[in-house]
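**Student:** Predicted model, plus sequence, below.
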Amino acid sequence: MRILLIQNNPTKNKFENFEKFKNILENINFEIDFVVLPELWTTGYNLEPYDIQSEYENSEIILGISELSKEKETYILAGSLFYKENGNYYNRSFLFNKKGEIIGHYSKMKLFKPLNEHIIFKSGDKIGIFETEFGKIGVMICYDLRFPEIARKITFEGAKIIFVPSEWPISRIEHFKTLIRARAIENQLFVIGINRYGDIFGGNSLVVSPRGEVIIDMGIGEKFAIVDIDLNEVDIYRKEFPVIND
């Protein structure tokens, strides 16, 4: 499973941020299975005015992501987007399949009060787990990472990998890195934290194996990375060291 991680620093112009993403993806000339972006990668926390900054069903950016996933024949986990539905705003992640279809979405459950997320967004009420040709994948968003019960529920639903799009600050970046490893170790699966870089945000996107080993640490900067992982390692390690069974 080949995964492209994009660690971006969004400007205030969401269309400019989308174009930067599009240019990266269109200039990759080999097969990618999954593309993963950070939390709120089109806007950052530049959410005002809400009606202009937010996405909605069949918005220009939603349709653009769909076209890209179809063109490149790859799954795109669109980090999270500022999304409006039925008069409510959500911090919502979408998964697009290789045909450009949205096969699922997850709205952030644990909203971060210091950034007034609980005032702006409506909380999700279901865990993020989706069926793909590679098996089940899980999604958590940023602050969700601090609540191990969410990752455990995803694990018991059969996921072998959890993606964590984030906007984690540099001041607590060691918490981010420690918690990504902890979720991988305690659940014996892959955990990929893709974090925003820039302003107060710390980058250091991580890919961690079921054994808790760091496969990639992207460090600081606006950049992308490609990693190949074998999800069979989850079953191999769980058989070798059967913590989950206990």
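**Tutor:** Good, I have the coordinates. Keep in mind the model is a prediction, meaning the values are calculated, not measured.

**Student:** Need the CA coordinates for the longest strand along the chain. PDB is fine.
**Tutor:** If you go by DSSP state E, the chain has its longest strand at strand 88-96. The C-alpha trace of strand 88-96 is given here as PDB (Å, rounded to 0.1, in the frame of the first residue of the first chain):
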ATOM      1  CA  ASN A  88     -24.600  23.200  10.700                       C
ATOM      2  CA  TYR A  89     -20.900  23.400  10.300                       C
ATOM      3  CA  TYR A  90     -18.600  20.400  10.700                       C
ATOM      4  CA  ASN A  91     -14.900  19.600  10.800                       C
ATOM      5  CA  ARG A  92     -15.300  16.700   8.400                       C
ATOM      6  CA  SER A  93     -13.100  14.200   6.700                       C
ATOM      7  CA  PHE A  94     -14.100  12.700   3.400                       C
ATOM      8  CA  LEU A  95     -12.800   9.500   1.700                       C
ATOM      9  CA  PHE A  96     -12.900   9.400  -2.100                       C
END
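
**Student:** In whichever helix or strand comes after it, which residues are buried?
**Tutor:** Next along the chain after strand 88-96, taking DSSP states H and E as the criterion, comes strand 102-107. Neighbour counts over strand 102-107 (16 or more other C-beta atoms under 10 Å) mark 102, 104-107 as buried. The C-beta positions use only the backbone N, C-alpha and C, and glycine is treated the same way.

**Student:** can you check stretch 216-232 too?
**Tutor:** 216, 218, 223-225, 227, 229, 231.

**Student:** Inside strands: which ones of those residues?
**Tutor:** 216, 223-225, 227.

**Student:** possible to save those as a markdown table with pLDDT and distance to Arg92?
**Tutor:** As requested, these are exported to a markdown table (pLDDT from 0 to 100; distance: C-beta to C-beta, whole Å):
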| residue | pLDDT | distance to Arg92 |
| --- | --- | --- |
| Ile216 | 97 | 26 |
| Lys223 | 97 | 25 |
| Phe224 | 97 | 23 |
| Ala225 | 97 | 25 |
| Val227 | 98 | 25 |
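
**Student:** which two in these are spaced the farthest apart?
**Tutor:** The largest distance within those, taken as C-beta to C-beta, falls between Lys223 and Val227 and amounts to 13.1 Å.

**Student:** which non-adjacent residue is nearest the residue nearest the centre of the chain?
**Tutor:** Geometric centre of the chain, nearest residue: Pro165, 3.0 Å, by C-alpha atoms, centre = their mean. In space, and not counting its chain neighbours, Pro165 is closest to Gly79: 4.0 Å by C-beta to C-beta, 6 or more residues apart in numbering.

**Student:** who touches the strand or helix carrying Arg181?
**Tutor:** Using DSSP H and E, Arg181 sits within helix 173-187. Residues from elsewhere that reach helix 173-187, judged by C-beta atoms under 8 Å, 6 or more residues apart in numbering: 145-146, 148, 151-152, 154-155, 162, 164, 166, 168, 190-191, 193, 195, 202-204, 206, 208-212, 214, 217, 243-244.

**Student:** Mind giving me the PyMOL command for buried ones among these?
**Tutor:** The following PyMOL line selects those of these that are buried, judged by 16+ other C-beta under 10 Å:
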select buried, resi 145+151+154+155+162+164+166+168+190+191+193+195+202+203+204+206+208+209+210+212+244
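
**Student:** I'd guessed Arg238 sits against Pro210; true?
**Tutor:** Yes - applying C-beta atoms under 8 Å, one finds Arg238 in contact with Pro210, separated by 7.4 Å.

**Student:** Overlap of the contact sets of those two?
**Tutor:** Common neighbours of Arg238 and Pro210 (C-beta under 8 Å, 6+ apart) are Gln188.
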